[in-house]
Structures are given as C-alpha cells and as structure tokens.
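Chemist: missing the sequence, but the structure's below:
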C-alpha cells in the first residue's frame, strides 16, 4: 500500500549561488547568496521571519572546513536564529534527504514554512585530499583499505555494466556532451561551456602561447585524446567525472493550503521516497542501485504516477555511468537501454525525456551536500517556464529528482507537480 | 499559539550500550549493542523488519572515525537496509535532534515505526585531538582562532554566572557529587562510582603501590586538591567536566494508535521543542541559553504543561555549570537559584525535582551524538519503574529531556508522559 503524507507540501521559492571554485568565499558566504536568490524567486515576496524551521544538507563541513554544527551557523548568517536548524547528512544525497525532512516537517503539522538549504565548500582542500574526504562516504572499514576511491567505484560499476550490456566507453561520452550542452546555458554552472567550445578554447590557448595547435577535428577526437581527456579509472576519463565544487542552494517549502500567499504558481511535492542499501562490496549486482529503485517506487506510489508520466528529470550524474543507470532504475528505460537512450538523444533537452537540463552534476558542478537541493531548483525554474535559454519546449506538468549518496547507500527521489 | 503534532507519538523501547572507552569496538559494534538492548526492552517484542525509517544522531564520525554516510552503515549492521536511514547532526544535540526527526516522521503520517539511534566513537583519537574535534562544534571562524576550547567556553559561562549570582566554585561540586551518586547505580555508566568511593580508590591504589597515602578527610578536600582534581579552565576542574566516551543508544518510536502492539506501558511524547542561537561570542548574556528557553517554551506549550509539572529531568550537564543553568532555563528554578537547588539537594534522586538520575553526561559519559537519545532511555527506564537501584521513589507521570549542542547553538527539549 502506498504511503501518503498527512498534509500537502508546496515548493514556492528556489535559488542557488554560482557553482564553482571560490577561494575567497566560505560555505557561509555561498549560503547567503543562495538564500538571497531564493528570496528573490518568491513571486509575492516573503518575510524571512516567516521561516519556522531550517534543514541544511551538508556532507562534511567537518572535513572540508573543520566546522561542524553547521546548521545553526547557517541560520545565523541569514538572521534566522532562534529557528530550529538541523543538519542532514547522507553523503552526496544530503541535499535530497534535507528536502525530504523539510517535507516531513510540514506534513507533520508542526510547521507551515520550512527553509531547506544545501551547502558544501570543497575547494579549500587540495584535490587529493578532497578525494580522500569523499571516500569517507564509502565503507571505510571494508572498501577504502582495498584501495577504492569514488572514481574507482564508479569505474567498477561501469565495467560491470559494459560486460552485461555491451556499453562501450564512447557511449559514456554522450552523457558528458549532453550535460555540457545544457550547462552551457546555465549561468550558475561551474563549467558552463559545451565540450566543442571547450576544445576550441584549448586550441586558442595553445595558439596564444605559441604552442603546437592540437589537431582534434571534432569533439569525439578531443574526448579520446589521453592528454585532453585523461583516463582517471578505466573506463572513466576526466569528462566522465563531475567536478569538485563550492556552492549552496536554498528552497522554500510551505503547507499547500498557504502556498497562494507566496505565489500563484507553486510546485506541489506529490511524491517523496528514500531508501538505503548495503555498501557496494556487499551487493549481488553492480549495474543497478537497489536504493534508487526502492526510492522511486515509493515516490511513484505516493504520487500515483508512473515513470512514463515524468516529463523532466534531474538525476545524480556524479559520473556519466551513474546517469545511465539512474534512467534505468527510475524506470525511464529498460535495464541495458539507458545508454542507447542517451545515444539517441531521448534524454537531450529537446528529446522526449529531458534529463539534467541544468547541466547536471557533471557541468553545473557538484558541491556534494548542495546538489540534491540544486535539483529542486532546476525543477522550480523549468516547470514554471523560467529556465531561460535552456527552457524545455514541451509542457512540464510532472518532474522528478533523483539524488544518490555514496555508491547508492542512500537514494532520495522527489516528484513535483505543476497544477494549471 | 502552541503548535501541535498532526499525530501522537509513543516511545515503546529504549536501550543503550555500555558507555566507556572501548579500544576494540567501533561505532558500528556499539550501535549493534544498543539496538539489541532496545529490542529486548520492548515488552511484547517486535520484528526489526517493522522498522520503517531510521534516524541516527552523530556529531562527527567524519573526524572521529574517518567515516561519513554513517546512517546507512548503521542500518546495514542491524540488517535494516533498504529502510531510509538519515544522519542528523546538531553537535552534542545530534541525538535530541534525531529523536525530534523521528517524532516528526511519525507525525507526518508517512511512517508508523521509527528507529532513532545515537552513536559516537570518540576515544580512537588522542585527548588533545578530541578537544580539537569538539571545537568544530563552535564557531571556527570567530571563536576557535581566539583560543577557545569547550572547557574554556563553559569556564567563561561559569565566570559570568559567578559574577552575576554569587556562585562559588565549590557550589559546582554539588552537581558532580550528585551525578556520580546516581551514575554509581547505573550499570551502563562510564564512571559508575561515587566521588567518595573514587577518593578511597585513589588512597587504596597509593597504598598498594607503596606511595604516600593522600590525607583527604572527605570528598570536598579531595575535590579541592589540585592534584586529585586539577584545574582545567578556571573555575572548572576535572570533575566539572563530562568525559570522552564511546557509546551508542537506540529508541523505538511508534504511532500512538499502534503502541499497544508493542507494550501496555508506552511513554507518550507530548512535547517537542528545538531552537537555535547565535554563537557564544555574539550573545548579550552568558548566564542563560536562549535556545534552551525557547525550546522549553515550545515543548511546554505543545504538551500543555508547565515546568512545575515536570517530575523528572535529564539535562545536558556537559559541565557542572551547564546543569545549573539548564535547571533555570527550563523554569525549574529562578535565574540565579539553580546552584542553590543543587546545594539543597532538590535535584538529588530523593529530592523534589530529580535531575540526571542516570548519572548525566558527567558520570554516565558523553558520547556526544548518542547523549540526547540516552536521555530518552533514562526516561523510559525511570517512568516505567525499571531503573533498578537508582529508581526514583515518587510517581513519575511527566518527564523532560534537555539536550544542548555546542554552547547552545542548538537546544532540543522533549516531554514524556506515562498514562495510567
């Protein structure tokens, strides 16, 4: 039997900081930017004092910034103490899990207005230390001593998928190409540039420095050049991996019955699902995430819809292979067909099932604790027709977000509806 | 107007691991112990598969164990994947905040059965590093660079209180004496020994080693001896401070309407309050925690009771001064009277308002993310008459827990009712 929330919840505001590498900005600074952007997005405006409770998705400010107890600090910088402020951590799904806690808090009847934020400041550490820090999201007792890091985990997943379904490494590039196409139209993206433009930029830079100009004739040559797109963990190359990012996000959730106070165009959160799983080393199958299938099932059941009804999705493309598997776990495509759908541009912005129109984690950037909330920001923009140059042309009454923690130890899925 | 939950929530099981320093046990091991103890506490038994969602209070497994994404790992070790598992972090109030999320999750209508755990494995780091790690719960931008650590913060609070209300350092010892009296009767306590017994133990040890036997005539002489009870941060001595502890806790929350399936003697959680505050350096007054007063107000309002109705409380005695201030912030005593109440033994186990019958953080131990849930464990034992040698003699229809994060950046208060 499908579980229902005791009370409807609406999304009435959404904003994000610019994503990127900002040596001069702390997590606090970025969260203030996100909050201000969210505030400006609320059509009828709102008084920050209306916020009754705060959830902050954050993976590890502990390890990245040496700062725990992050939630009340975020409440403070936006002037919202003494509101209760709670940090939610589920690795890279921290943002999605925070969103879910905001939904539950309103459904509980205790609050009418909840602020959900996400924040991660990652670039303060050297890259190798970031990799080690992210590895703390895996099973550090059984997996990390075996030499795994996250590119290695997802490389293992990709290898298993290749073996089972005949995927070739070049298929993965379709995901990267698409997400950079989209991210190039997102002013908040970290790498807001298409891969062809990136390639031309490299040529121009070489020319400017008087170095030999690379002879790539097209983006596929560029993407198969070991110097332009080095191998990270076979079969994953640099452009298969999402970047290290500083960024913050914020959304405003309210009880459905008061949504009209804030906007005439709310999104209704009609489905919310979350599931956990054993660590990767303990699974029977690497080519699908059980937690994702479970979370999707719960969210679809609550919403009373099927995968076919979803018109737009933001999925967790921490690596290109992850997006392909996500589109299968969500039921958009049959197992083994996800990479073909990417190749056939079904998931492109002008395809039948656009995926990651924001640019995804891959191009928009992946400040881990903020990413799940950033997915909701994209739903808010797209489904209300406010996505600018990257606006999907077809009508978007139903959207979905899919946020994964670790290698699938957590997955959180939400479904959004625009009515009228 | 007081806010109400959409649905009643009952506490039907509660257990904890032994608290202490366990070099051979990980956080996972301790959580399994807590879960098993909780399971055994459910009068009519229950199938772990009945658990629908899991919240884990944990301060910083990141910094203590190099392990984030702690919640699904805890779900895994007790065999409860794919249930959703979410880590809640609010520094030393992580456990109380996790309890509150469990309450909200059930009140939301989505779940009928929630497991709330707390866990912290602290002793794997050297003591100085533990102190640094705990400091991450303060404002690391403004406070830590000024040289503060937590004993320093609470020493500043104690100094301000002394100046304002005439407290003498010896008054603080009444809290330590009382909590060790209680903890000596708690088989799970880290330092389950009274201070007089501790003193005699020191004498016996000296005799055994052939060293001069100390000449302390009573516990006050012992507690004022700089070698026996060294100054940590004036006016706080060693026995004013809670210890560094490994431990885990677990409670089972269910929707009120199904509580009878689990026990004929549930506790009803009739009040829940949480608030945040600015960092200590930014406050007008150090002698009271605004977040505690707010959280208490919310919880009392929801429960429809006053401070006078509370018959038993577990409060956050991370330092002796913290307990004194807690009993004032909760409205048990007027500002400036808390230390007199401790002196007059009003808060002793046989007093009118017993506080920290478990031994409190001081004697039972303080595995930071687990402590808030441990407070609920004590309520479950005492209010159901199962506290053994430390059972309070008078009837306990209403109890309260008070859990503080940092220096009061977070406070969470819950109120428990036994009916019939």
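Modeler: Perfect, thanks for sending it. Because the structure is predicted, anything quoted here is derived from the model rather than measured. Numbers count the residues shown, from 1 in each chain, chains lettered A, B, ... in the order given.

Chemist: residues in contact with residue A:223?
Modeler: For residue A:223, the contacting residues are A:170, A:173, A:176-177, A:195, A:229, A:237, A:239, by C-beta atoms under 8 Å, 6 or more residues apart in numbering or on different chains. For every residue, glycine as well, the C-beta is placed using N, CA and C.

Chemist: likewise residue A:125?
Modeler: Residues counted as contacts of residue A:125 (C-beta under 8 Å, 6+ apart) are A:63-64, A:133.

Chemist: ok so, going back, list the ones among the contacts of residue A:223 that fall in helices.
Modeler: Mapping the contacts of residue A:223 onto helices (DSSP state H) picks out A:170, A:173, A:176-177, A:195.

Chemist: for those residues, which one is nearest residue B:139?
Modeler: Proximity to residue B:139 was ranked across the ones in helices among the contacts of residue A:223 by C-beta to C-beta; first place goes to residue A:176, at 40.2 Å.

Chemist: In chain A, where is pLDDT below threshold?
Modeler: Scanning chain A for pLDDT under 70 picks out the ranges A:1-2.

Chemist: and the nearest residue to residue A:388 once chain neighbours are set aside, what element?
Modeler: The spatially closest residue to residue A:388, leaving aside those adjacent along the chain, is residue A:185, at 7.0 Å (C-beta to C-beta, 6 or more residues apart in numbering or on different chains). With elements taken from DSSP states H and E, nothing contains residue A:185; it lies in neither a helix nor a strand.

Chemist: sorry, back to before: most neighbours among the ones in helices among the contacts of residue A:223, which one?
Modeler: Of all the ones in helices among the contacts of residue A:223, residue A:176 has the most neighbours under the rule other C-beta atoms under 10 Å in any protein chain shown, reaching 27 neighbours.

Chemist: Now do that residue against residue B:244, distance only.
Modeler: The gap separating residue A:176 from residue B:244 is 47 Å, by C-beta to C-beta, to the nearest Å.

Chemist: Can you show me the helices along the stretch 151-300 of chain A?
Modeler: A:169-183, A:195-208, A:219-223, A:290-303 (DSSP state H, counting those that start in this stretch).

Chemist: May I see the ones you listed arranged in CSV, with distance to residue A:39 as well?
Modeler: Supplementary listing: the helices of the stretch 151-300 of chain A in CSV, determined by distance: least, C-beta to C-beta, whole Å:
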stretch, distance to residue A:39
helix A:169-183, 25
helix A:195-208, 33
helix A:219-223, 39
helix A:290-303, 28
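
Chemist: For residue B:150, which of those is the nearest?
Modeler: Using C-beta to C-beta, the helices of the stretch 151-300 of chain A put helix A:290-303 closest to residue B:150, at 36.8 Å.

Chemist: Who are the packing partners of the helix or strand just after the closest one?
Modeler: Sequence-wise, the next helix or strand beyond helix A:290-303 is strand A:312-314, with elements assigned using DSSP H and E. Contact analysis of strand A:312-314 by 3 or more C-beta pairs under 8 Å, 6 or more residues apart in numbering or on different chains; DSSP states H and E lists helix A:368-383, strand A:398-405 as its packing neighbours.

Chemist: Dump those into TSV; add distance to residue A:202 as well.
Modeler: Putting the helices and strands packed on strand A:312-314 into TSV (distance: least, C-beta to C-beta, whole Å) gives the following:
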stretch	distance to residue A:202
helix A:368-383	27
strand A:398-405	31
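
Chemist: Looking at the ones you listed, which is nearest to chain B?
Modeler: Closest approach to chain B among the helices and strands packed on strand A:312-314 (C-beta to the nearest C-beta): strand A:398-405, 5.8 Å.

Chemist: Please identify the pairing partners of the closest one and their relative orientation?
Modeler: Strand pairing for strand A:398-405, using DSSP bridges, gives strand A:312-314 (parallel), strand A:410-418 (antiparallel).

Chemist: can you pull the buried residues of the longest one?
Modeler: By neighbour count with 16 or more other C-beta atoms under 10 Å in any protein chain shown, strand A:410-418 contains the buried residues A:410-418.

Chemist: swap in stretch A:164-174?
Modeler: Using 16+ other C-beta under 10 Å as the burial criterion, the residues of stretch A:164-174 that qualify are A:165, A:167, A:169, A:171-174.

Chemist: cool, stretch A:271-287 as well?
Modeler: For stretch A:271-287, the neighbour count (16+ other C-beta under 10 Å) marks A:271-280, A:286-287 as buried.
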